[in-house]
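In: Provided below for reference: sequence and predicted model.
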Amino acid sequence: MIKLNLTTLAHAPIGRRQTVDIDVGDLEIGELHLAYLKGELQFTRVAEGILVEGSLHAEVEVTCTRCLETFFEPITIHLEEDIINLPGVSLTAERPVRLADGGWADLTPLIRQYAWLELPINPICSSDCKGLCPECGGNLNRGECVCEDIEPVDPRWEALRPLLEED
């Protein structure tokens, strides 16, 4: 959980700013596993609450689409969102953060949303990833595949074996 005390800013005049350094180690945010989360956030008092802006750097655990191994992918999360400071306003997907009693704000849902947007669509562990063998499913990065010696699992394919031996 990433909770920040913004009490002084919540009661400050419009235009007042505050900078907060974020440096968190291993972190689970919903289904995301982050190795770290570092950066600087700028909070500005606006008419209806507080505007948060800044960039956070993280490494998120993803699965390679070629070899299905997990690895940590570096991402940069760019935040720009309003934290509402109006009583009675409920949390929604569009407004996942609000100031709670006493001026505390939990930025975890906001960071989670923005982190999902930064994830690569097809993460690949390395540019020379060989992927999986299409026959046996073995990871080709770990060594040569020996599936040629493996007999077909489905006996219905045995009728086609003479066609291979004709050449």
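Out: Everything's here; your move.
In: tell me the mean pLDDT for stretch 14-27?
Out: Averaged over stretch 14-27, pLDDT sits at 91.
In: go through that stretch and flag the buried ones.
Out: Buried residues in stretch 14-27, defined by neighbour count with 16 or more other CB atoms under 10 Å: 20, 22, 27. C-beta coordinates here come from the backbone N, C-alpha and C atoms, glycine included.
In: what's the span of it from first residue to last?
Out: 33 Å (CA to CA, to the nearest Å).
In: one more: stretch 144-164?
Out: The first residue of stretch 144-164 is 23 Å away from its last residue (CA to CA).
In: how about that stretch: buried residues?
Out: For stretch 144-164, the buried set under the neighbour-count rule, 16+ other CB under 10 Å, comprises residue 145.
In: could you pull up the mean pLDDT of it?
Out: pLDDT averaged over stretch 144-164 gives 73.
In: just stretch 123-134 next, same as before
Out: Across stretch 123-134, the average pLDDT comes to 91.
In: dump that stretch to CSV, restricted to CA.
Out: What follows is stretch 123-134, C-alpha atoms only, in CSV (Å, rounded to 0.1, in the frame of the first residue of the first chain):
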residue,chain,number,x,y,z
PRO,A,123,6.9,-9.1,-23.5
ILE,A,124,10.1,-10.9,-24.7
CYS,A,125,12.8,-11.9,-22.2
SER,A,126,15.6,-11.1,-24.7
SER,A,127,16.0,-10.3,-28.3
ASP,A,128,17.6,-13.7,-29.0
CYS,A,129,14.9,-15.8,-27.2
LYS,A,130,14.4,-19.0,-29.2
GLY,A,131,10.9,-19.8,-27.7
LEU,A,132,9.4,-23.2,-27.4
CYS,A,133,9.7,-26.3,-29.6
PRO,A,134,6.5,-26.6,-31.6
